[in-house]
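J.: sharing a sequence plus its predicted fold:
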Amino acid sequence: MSQILEVENNNKLIFFIDEDVPLLKKIGQLLADTYPDYQIMAMPDLKTAEKTLLEKKPQVIITSLNFNDGSTIIPFLQSLKESESTKMISLIVSGTRRELEQKQSALSELEADLLPKAITIPNLKSVVDSALEKANSLSADTIILQTGEHLFLEGDQSDAIYILKSGELQVYKKIDGQQVELALINQQQMLGEMALIDHSLRSASIIATATSQVLKLHLGDIEKYIEEQPFWMRMLVHTLSTRVRESNQKLLKR
């Protein structure tokens, strides 16, 4: 039966996947000593890692490239990268230099850091430091809203922005005691984006009109991250222009 070696620290996580159990223990303890703010979870097979990922989200995954049954980690990592809520997990793949060179193209597409098996301890720390910095550039949580549940209310503090992954949300304001719909959102779109601009109180309420899955992106690190990611700026500009247009159309109909 597979076992998970856990070196308890706090609530931040690093996954370490390798079939070499003595190596798991050695590097796992080294990581725990080097990164005392992180909980190290060392696992000897992919099945254990996949199961654990359903319950826990690490900041970094360090994994062997190849396994004894002839499989590689690449399909697992590709599946992981396709999940919107786990895109910010930093990946470190270890193997012989020849193995890493053979899969360099696929690993490059996954934006994985390469870690040769013969790497020295100082270099290991350098690679992990870089991966942690990348992973912590954006903090995101997934929220499930049932029909009738609010994401936030008008007047709430602005401490995050959101992205709708699935479902449907209604944006509304109270005007002269009446609830006025400003927008009905059922496509991937940024929400609460004005918080990123002026950190003001929420200017409208958002309620789920169907079971919805939403990413919560914490403010603070977002401002730094958005500067490095043109995708976010395009989404922000598109969302702002769409929101203004829809709000104006709603108010003109009153």
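T.: Sure, I can see it.

J.: phi, psi of Q59?
T.: Backbone torsions of Q59, given as degrees, to the nearest 10, read phi -80, psi -30.

J.: ditto for Q78
T.: According to degrees, to the nearest 10, Q78 has phi -60, psi -40.

J.: in contact with the residue nearest to it when sequence neighbours are not counted, which residues are there?
T.: Excluding the flanking residues, the one nearest Q78 by CB to CB, 6 or more residues apart in numbering is L110, at 6.7 Å. Bear in mind the C-beta positions are built from the backbone N, C-alpha and C, glycine included. By CB atoms under 8 Å, 6 or more residues apart in numbering, the contact set of L110 is I74, L77, Q78, K81, L91.

J.: from those, which land in strands?
T.: Mapping the contacts of L110 onto strands (DSSP state E) picks out L91.

J.: pipe the contacts of L110 into CSV and attach pLDDT and distance to A106 per row.
T.: Output for these, formatted as CSV (pLDDT from 0 to 100; distance: CB to CB, whole Å):
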residue, pLDDT, distance to A106
I74, 93, 5
L77, 91, 9
Q78, 88, 8
K81, 78, 11
L91, 92, 12
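
J.: mark which of the contacts of L110 are buried, thanks.
T.: I74, L77, K81, L91 (16 or more other CB atoms under 10 Å).

J.: and S130, what element?
T.: helix 121-135 (DSSP states H and E).

J.: which other helices and strands does that helix contact?
T.: helix 21-34, strand 60-64, strand 90-95, strand 113-116 (3 or more CB pairs under 8 Å, 6 or more residues apart in numbering; DSSP states H and E).

J.: looking at these, which is buried most?
T.: strand 60-64 (a mean of 25; mean count of other CB atoms under 10 Å).

J.: quick one, that one and helix 21-34 angle?
T.: Here the directions of strand 60-64 and helix 21-34 differ by 160 degrees (axes from the mean of the first three to the mean of the last three CA atoms, to 10 degrees).

J.: partners of strand 60-64 in the sheet?
T.: strand 12-17 (parallel), strand 90-95 (parallel) (DSSP bridges).

J.: this protein: strands as residue ranges?
T.: 5-7, 12-17, 38-43, 60-64, 90-95, 113-116, 140-145, 150-152, 160-166, 169-175, 178-185, 190-191, 205-208, 212-218.

J.: can you put the ones you listed in TSV and add distance to L23?
T.: TSV is the format used below for those (distance: least, CB to CB, whole Å):
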stretch	distance to L23
strand 5-7	11
strand 12-17	9
strand 38-43	9
strand 60-64	9
strand 90-95	9
strand 113-116	12
strand 140-145	31
strand 150-152	45
strand 160-166	37
strand 169-175	47
strand 178-185	48
strand 190-191	43
strand 205-208	46
strand 212-218	35
